[in-house]
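Q: Turn this into a model:
(chains A and B)
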Amino acid sequence: MAAGVAAWLPFARAAAIGWMPVANMPMPVAPSEKNKRQDELIILNVSGRRFQTWRNTLDRYPDTLLGSSEKEFFYNEESKEYFFDRDPDVFRSVLNFYRTGKLHFPRYECITSYDEELAFFGIIPEIIGDCCYEEYKDRKRENAERLMDDQEDNKDAKLPNMTFRETMWRAFENPHTSTMALVFYYVTGFFIAVSVITNVVETVPCGSSPNQKEVPCGERYTVAFFCMDTACVMIFTVEYLMRLFAAPSRYRFMRSVMSIIDVVAILPYYIGLVMTDNEDVSGAFVTLRVFRVFRIFKFSRHSQGLRILGYTLKSCASELGFLLFSLTMAIIIFATVMFYAEKGSSSSKFTSIPASFWYTIVTMTTLGYGDMVPKTIAGKIFGSICSLSGVLVIALPVPVIVSNFSRIYHQNQRADKRRAQKVQKARLARIRISKTGSAVQSSAFLHSKRNGLFNEALELTQLPYKINLSDQSSIDEDQRLSKSTSLLESQHHHLLHCLEKTTNHEFVDEQYYQQSYLEAGMQNYPSRSPSLSSQDGVTGTCCTRRSKKHHKPLPNTSAPAHIPPLKHTHQLGLQELSTIHIQPLSTSRSSLNMRVDEQAPLNCQSSQITTAIISIPTPPVTTPEGDAHLPAGPAHQNVVKVSAL
Amino acid sequence: MLSMNLEGLEMIAVLVVVVLFVKVLERFGLLEAGYDDSVEDELELSAVRHRPEGLEQLEAQTRFSRKELQILYRGFKNECPSGIVNEETFKEIYAQFFPQGDATTYAHFLFNAFDTDHNGSVSFEDFVMGLSILLRGTVQEKLNWAFNLYDINKDGFITKEEMLDIMKAIYDMMGKCTYPVLREEAPRQHVEVFFQKMDKNKDGVVTIDEFIDCCQNDENIMRSMHLFENVL
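A: Purely as a prediction, here's the structure:
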């Protein structure tokens, strides 16, 4: 229940009077507010700054430091205030949480100090409101990443017992670790450059002797270029094999982008070696040589900027996709239009729509080669519209890509994987907590039925020796437990109980409901005892678990007492004591059947009034974790069942 | 000499240019658009603020003490800073107390019962007047209030349909997971029982006098009227 809404509980309870004329059964006793104090102001002195609030405000969250009796440890007798030696600025947020029910995270605050204060005051960070939660999570993640970075830097110190393989791998990944690695790094870089330059120079026409036509250098100095190529490929092959050997996970290494580039770079050479000088395949052979240019991508190992660029393009895939898609659409539209516009004119270059594609692309990117120009008026009009729209369409996604690049560059490529993982986990956790928040209320009501109503029964009897107890200690435990539920909770539960009485149905939890639903289809209820049928017109189904008494008004009832004390004789008619039936959370069907049988003989006796208390061992109550709003009741072993027969 | 023999596509080209021109003029506001733009900028500037009457007046009109009024108002204002509750907020607040079921229908009826002047919102005065009757009123007044709640169209008679609506709303609050399983006829049967009890002359409606008479003769109801007296 939200803190603010707690103020409306008196209203909800008062409005319950609307149910009274409709109800056929008497209502349960209202929880008495023993020693109800007048609400008083308490002073919280946090490092000299005094905060004041009502005591009730703090009592809204009984399982935090300020809401529980833990604050008594900080009570200062002389100044009659609670003194905390903590940060007053963060305490503002903490106190506002009690007041408004929402926890906010101020932007200027340091994340670690905030976390510490929250931990001190017993508040879990997950209840930070939605308005501030993203910010909080972002800062926390950045902090964690920074910590991880620091740890990684420390890892550079050479660990004593690393295998040769691990040393090699570290050397490859981080060239600054040792001199050898640095040398290797520069050598490979040099050879990449050499290889690329070789490829380029190969095609330049070298000086020709007068009797021959111009030949490219590659054909003039074939042997030299071949040797250069071989040397480069040797180096690359050796490097690749060494990386493969050193990789901690070979399979993962082979799938990585860099290794694919390596393979693509050296493969053409080997294929070229293998293939003969067959004329048919020489065309394909030439194509393969094109792949040699991929060696330039090997530079990305050496350059951080290149990696970031590639990463940016990958992360902007959606924007790029949009750009491509919209361009394609526009190209097709304009090409079609231009084709039909220029169809009329003679000697038109626009021979078909695909031929117009080229014109459209050149125009939209404002290149304007001039090899195809429209001649008709309509063609010129549409051509101009085409070029104007091209500017717009291309200009739109570009700033997005640019800003992405700069962001990533500044962040120095934090892995998206880490981010996605944590967000997903936290999101699931928050969904779970918010879901259990409402489930917690209803289960709290069912849970407290056990404790609270038992307590009521105790109050009614007032004569402990009349009660047949099987276990004295369980009573004490339950008493203690029921006291721990706050007054608000007990009032809320009383309200729900009144509703139950009005409608003659009980709240049960999900599992039990499904079970009983199935049971209703499968089982016939055992025959009712006659006393049940008299007042049972409403529900229609047999309630074997409830036994209601035919009530006669007591002549000497005093007005305020709702249910007079239980007398052990059967001469005085008794006020009906509702069966307090507790559904244990155990869901085994056999146990349900067992209980039915157990009670059947009891139901038959209608004249004798006895209060019997049966304690049935059940598995401990599983309240969901992380409910900050309810007292965490210790799991208790015995479920107590009280039935008046 | 200009050839007036325009080709088909050239006609389209000209049309396109003309349309673009008109649109540009409209954009610059030089040409009035044919249809009136819906006044989307007519925001509800009035964030309604309501200040209640003074403490003395409320003290005189209700049966609460000064302190109680203070506590009530603080809670009220905390939840509704604008000073009035509209039906949506009311439903939300009330629904928080009944997590297992759907309290909106009943909250609607409650809202109408509190909103005595039927202006669509419950101010603090309405709120406190209602509470005063419920918590500090005589049994007669309380029963009157309950009758008013059931009588949806406020015509002085409770018909079976009205009662059925109320009953369904109450049963809706229980939700699905009940024991015994909630069946379709449960509200209807409950209404039958109610009418059997209340409708003395069997004319199919319950008047205020029948209602009050019958309730006063019913022990249970009488006793439960005093249930919430010490709520505040």
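Q: Point out where the chain drops to low pLDDT.
A: No chain specified, so I'll use chain A. A:1-6, A:33-38, A:149-161, A:207-212, A:276-283, A:285, A:412-424, A:435-486, A:520-645 (pLDDT under 70).
Q: That was the other one, I meant chain B.
A: B:1-7, B:30-48, B:232.
Q: Go ahead and confirm B:N230 touches A:A14.
A: No: using CB atoms under 8 Å, B:N230 is not in contact with A:A14, being 11.3 Å away. (C-beta placed from N, C-alpha, C; glycine too.)
Q: higher neighbour count, these two?
A: Taking neighbours as other CB atoms under 10 Å in any protein chain shown, B:N230 and A:A14 compare with A:A14 leading, 23 against 12.
Q: now the more buried one, nearest residue through space, not along the chain?
A: Closest residue to A:A14 apart from its sequence neighbours, by CB to CB, 6 or more residues apart in numbering or on different chains: B:L134 at 4.0 Å.
Q: hmm, who's touching the helix or strand hosting the one you found?
A: According to DSSP states H and E, B:L134 maps onto helix B:124-136. Here helix B:124-136 makes contact (CB atoms under 8 Å, 6 or more residues apart in numbering or on different chains) with A:10-11, A:14-15, A:17, B:50, B:52-53, B:58, B:61-64, B:69, B:72-73, B:76-77, B:83-85, B:113-117, B:141-142, B:144-145, B:228-229, B:231-232.
Q: For B:Q100, see how far away the spatially closest residue to A:S79 that is not a sequence neighbour is.
A: Spatially, and ignoring its direct neighbours in sequence, A:S79 is nearest to A:N45 (7.2 Å; CB to CB, 6+ apart). Distance from A:N45 to B:Q100, counting by CB to CB, to the nearest Å: 43 Å.
Q: swap in B:F211?
A: For B:F211, the distance to B:Q100 equals 30 Å [CB to CB].
Q: ok and the residue in chain B nearest chain A?
A: Chain A sits closest to B:G75 of chain B, with a gap of 2.7 Å, by CB to the nearest CB.
Q: Quick check: next helix or strand after the helix or strand containing that residue?
A: For B:G75, the host element (DSSP H and E) is helix B:66-79. Counting by DSSP H and E, the element after helix B:66-79 in chain order, helix or strand, is strand B:84-86.
Q: For chain A, give the residue positioned nearest to chain B.
A: Counting by CB to the nearest CB, chain A gets nearest chain B through A:A7, at 2.7 Å.
Q: Not counting its neighbours along the chain, what's nearest that residue?
A: With sequence-adjacent residues excluded and distances taken as CB to CB, 6+ apart, A:A7 is closest to B:G75, at 2.7 Å.
Q: again with B:T207
A: Spatial nearest neighbour of B:T207, excluding adjacent residues (CB to CB, 6+ apart): B:F157 at 5.9 Å.
Q: Now for that neighbour: which residues touch it?
A: Taking CB under 8 Å, 6+ apart, one finds B:D151, B:V205, B:V206, B:T207 in contact with B:F157.
Q: ok, now how distant is it from B:V206?
A: According to CB to CB, B:F157 and B:V206 sit 7 Å apart.
Q: Neighbours of residue 16, how many?
A: No chain was given, so I picked chain A. If we define neighbours as other CB under 10 Å, then A:A16 has 23 of them.
Q: sorry, should have said chain B
A: B:V16: 15 surrounding residues under other CB under 10 Å.
Q: list the contacts for it?
A: Contacts of B:V16 by CB under 8 Å, 6+ apart are A:I381, A:I385.
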